[in-house]
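In: I need the structure of the sequence given here:
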Amino acid sequence: MTATTEPLVHYRVERAVATLTLDSPRNRNALSAALVAELEQGLADAAKDPSVRAVVLTHTGGTFCAGADLSEATNGDPTANPRRLVAAMRAIVELPKPVLAQVDGHVRAGGLGLVGACDLAVAGPKGTFAFTEVRLGLAPAAISLALLPRLDPRGAARWYLTGSVFDAAEAQRIGLLTEAADDTAAALEPLLDALRLASPQGLAETKRLVTADVLRTFARDGESMVAQSALLFGSDEAREGMRAFLERRPPNWAE
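Out: Presented below is the predicted three-dimensional model:
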């Protein structure tokens, strides 16, 4: 980011909580290289700040995150996009402080990976979710590193395979969310108050316990999921799916 460029991720600290706000309306907070770099910098800043007890990841506008930036995904190195996403999710999981997602908008594809990587997640009535990869000739491979250890298997199969939209109540039922709430700020406040009472060491070591299975999945399957994503992104079917999406038309396989 240069001095004349507006930030894509805003960072502020208040009452021991660092808030990272995704703010890239041009592409509905899609996971561009620039946005992910700023997100990772914000996480690093929160990690090294002794006054920060927890991190809230939230958004401006009606979309939390639209997933991959398809304008970047269709050009250049096919491993760059999935590798970037894996690194961002792992940074959230490995952060020695709890990360809480605050969502009141649309979450699609890679955006669900960010939510799944968070330790706690709250969504409001405007929250909608969809694993849209299957409709683009892709698969939710990279994001599965953070999601499959936490999701109900039947729920994951239903929504992965159909690519259909589901609401916050269903997201809570299958384990994607901690809570579906009418007011996300009100739902977060008791969680943050509880975290403010916890010791930094206690939080770090307890988070290590509850994320152990997720981190083992990253270590075991991270490279293979990047490779699978890259293979799919480079395929003829995915190129057709992404072109169709960008051109706002059905892909050639749609019935």
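In: okay, now the spatially closest residue to residue 229 that is not a sequence neighbour: neighbour count?
Out: Nearest residue to residue 229 in three dimensions, chain neighbours excluded: residue 82, at 3.5 Å (C-beta to C-beta, 6 or more residues apart in numbering). Backbone N, C-alpha and C define where each C-beta goes, glycine included. Look at residue 82: counted by other C-beta atoms under 10 Å, it has 26 neighbours.
In: wait, a helix at residue 82?
Out: Yes. Assessed by DSSP: H, G, I helix; E, B strand; the rest coil, residue 82 belongs to a helix.
In: that one and residue 232 touch, don't they?
Out: No. With contacts defined as C-beta atoms under 8 Å, residue 82 does not count as touching residue 232, sitting 9.1 Å away.
In: what is in contact with the two at once?
Out: residue 141 (C-beta atoms under 8 Å, 6 or more residues apart in numbering).
In: contacts only, for the residue nearest to residue 229.
Out: Contacts of residue 82 (C-beta under 8 Å, 6+ apart): 141-142, 225-226, 229-230, 233.
In: which of these sit farthest apart?
Out: Using C-beta to C-beta, the contacts of residue 82 span at most 12.3 Å, a distance reached by 225 and 233.
In: which parts of the helix or strand hosting residue 157 are buried?
Out: Using DSSP states H and E, residue 157 falls within helix 153-162. For helix 153-162, the buried set under the neighbour-count rule, 16 or more other C-beta atoms under 10 Å, comprises 155-156, 159-160.
In: before we move on, what about stretch 18-35?
Out: Per 16+ other C-beta under 10 Å, stretch 18-35 contains these buried residues: 18-24, 27-32, 34-35.
In: count of neighbours near the residue nearest to residue 43 when sequence neighbours are not counted?
Out: Nearest in space to residue 43, with sequence neighbours left out and distances taken as C-beta to C-beta, 6+ apart, is residue 91 at 5.0 Å. Using other C-beta under 10 Å, residue 91 is surrounded by 19 other residues.
In: wait, doesn't residue 91 sit right on residue 45?
Out: No. The criterion here is C-beta under 8 Å, and residue 91 misses it with residue 45 at 11.7 Å.
In: and the residue nearest in space to the middle of the chain, how far is that from residue 30?
Out: Compute the mean C-alpha point of the chain, and by C-alpha atoms, centre = their mean the closest residue is residue 114, 1.4 Å away. For residue 114, the distance to residue 30 (C-beta to C-beta, to the nearest Å) stands at 12 Å.
In: give me the common contacts of the two.
Out: The contact lists of residue 114 and residue 30 share residue 65, where a contact means C-beta under 8 Å, 6+ apart.
In: re earlier: what about the contacts of residue 82, which are in helices?
Out: Among the contacts of residue 82, the members falling in helices (DSSP state H) are 225-226, 229-230, 233.
In: out of those, who's nearest residue 205?
Out: The closest of the ones in helices among the contacts of residue 82, once distances to residue 205 are taken by C-beta to C-beta, is residue 225, at 27.7 Å.
In: burial count for the closest one?
Out: 23.
In: go ahead and confirm it touches residue 146.
Out: No. With contact defined as C-beta under 8 Å, residue 225 does not reach residue 146; the gap is 10.4 Å.
In: quick one on the thing from earlier: immediately after the helix or strand where the residue nearest to residue 43 lies, which helix or strand?
Out: Using DSSP H and E, residue 91 falls within helix 80-94. Counting by DSSP H and E, the element after helix 80-94 in chain order, helix or strand, is strand 99-103.
In: for whichever helix or strand comes after that following strand, packing partners?
Out: Once the chain leaves strand 99-103, the next helix or strand it forms, by DSSP H and E, is strand 106-108. Packing contacts for strand 106-108, counted by 3 or more C-beta pairs under 8 Å, 6 or more residues apart in numbering; DSSP states H and E, involve strand 63-65, strand 128-130.
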